[in-house]
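Asker: here are the coordinates; sequence isn't available:
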């Protein structure tokens, strides 16, 4: 939704490509930049606009100032997008009565709390642990260790539920936690880990 609005706001249609053509290219470049960020090979300030620079470059647009404007506007705009994955509130209500819930995220510090507040799900989580605050990023073991210490929980009593196989699942398993992969994109499960395609399937485990 945010990319569609940016496409219109910055008149990207003038460059001869549709938003439907642009979106998959952006998503691919975005994932590449986040992967570099997780590996400490890209700084936050570069990530913000590099994903737009690379995706525009794919269409022959080499314009760093435009990419910076898009990156700045996207961070301003994205917390206002409140669409949730199907079944989110239902599964949170179900889990909230049984377990303490927390978040570990590599997302930018300044937007995480706004996203939770605007989406109406802040009340379900006791702690929001960001990589910026800890100084370590998933899949680094130390961010999981920090989280466990913060919430006073032993690794074997904790389950990480995440949609990134490397950052969330491998990172958690390496730190001694259990893990369930939210494979909503239905990718190949190369690691043979526990996986679900819909959030409601968590009821089969918990």
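Answerer: Nice, thanks for sending it over. This one's a predicted model, so the numbers in the text were calculated from it and none came from an experiment. Residues are numbered from 1 along each chain as shown.
Asker: Give me the below-cutoff pLDDT ranges for the protein.
Answerer: Along the chain, the model assigns pLDDT under 70 to residues 190-192.
Asker: and residue 139, what is it in contact with?
Answerer: 38, 166-168, 170-171, 174 (CB atoms under 8 Å, 6 or more residues apart in numbering). Placement of C-beta: from N, CA and C, glycine included.
Asker: and these, which are buried?
Answerer: Among these, the ones that count as buried by 16 or more other CB atoms under 10 Å are 38, 167-168, 170-171.
Asker: ok, so of these, who is nearest residue 196?
Answerer: Comparing the buried ones among the contacts of residue 139 against residue 196 with CB to CB picks out residue 168 as the nearest, at 12.7 Å.
Asker: Determine which two of the contacts of residue 139 are furthest apart.
Answerer: 38 and 174 (13.6 Å).
Asker: In space, what's closest to the most centrally placed residue in the chain - neighbours in sequence excluded?
Answerer: With distances taken as CA atoms, centre = their mean, residue 107 lies nearest the centre of the chain, 6.3 Å away. What sits nearest to residue 107 in space, not counting adjacent residues and going by CB to CB, 6 or more residues apart in numbering, is residue 130, at 6.8 Å.
Asker: Helix or strand for the nearest residue to residue 164 once chain neighbours are set aside, just tell me which one.
Answerer: Distance criterion CB to CB, 6+ apart; nearest residue to residue 164, sequence neighbours excluded, is residue 138 at 7.6 Å. Assigned by DSSP states H and E, residue 138 falls within no helix or strand.
Asker: List the residues that contact residue 138.
Answerer: Counted by CB under 8 Å, 6+ apart, residue 138 has contacts 38, 104-106, 131, 144, 162, 164, 167-168, 171.
Asker: measure it to residue 168 for me?
Answerer: 6 Å (CB to CB, to the nearest Å).
Asker: what residues do the two have in common as contacts?
Answerer: Joint contacts of residue 138 and residue 168 (CB under 8 Å, 6+ apart) are residue 162.
Asker: Residue 89 versus residue 202, what's the distance?
Answerer: The value you get for residue 202 to residue 89, if CB to CB is used, is 13 Å.
Asker: Then residue 142?
Answerer: Taken as CB to CB, the span from residue 142 to residue 89 is 32 Å.
Asker: Of the two, which one has the most company?
Answerer: Neighbour count, other CB atoms under 10 Å: between residue 142 and residue 89, residue 89 has more, with 15 against 12.
Asker: Against which helices or strands is the top helix by length along the chain packed?
Answerer: Using DSSP state H to assign secondary structure, the helix with the most residues in the chain is helix 19-38. Counting contacts by 3 or more CB pairs under 8 Å, 6 or more residues apart in numbering; DSSP states H and E, helix 19-38 is packed against helix 2-9, helix 44-57.
Asker: which residues are in contact with the longest one?
Answerer: Read it as helix 44-57. 22, 25-26, 28-30, 32-34, 36-37, 42, 62-64, 66-68, 70-72, 74-75, 108, 132.
Asker: ok and that helix relative to helix 2-9, angle-wise?
Answerer: 60 degrees (axes from the mean of the first three to the mean of the last three CA atoms, to 10 degrees).
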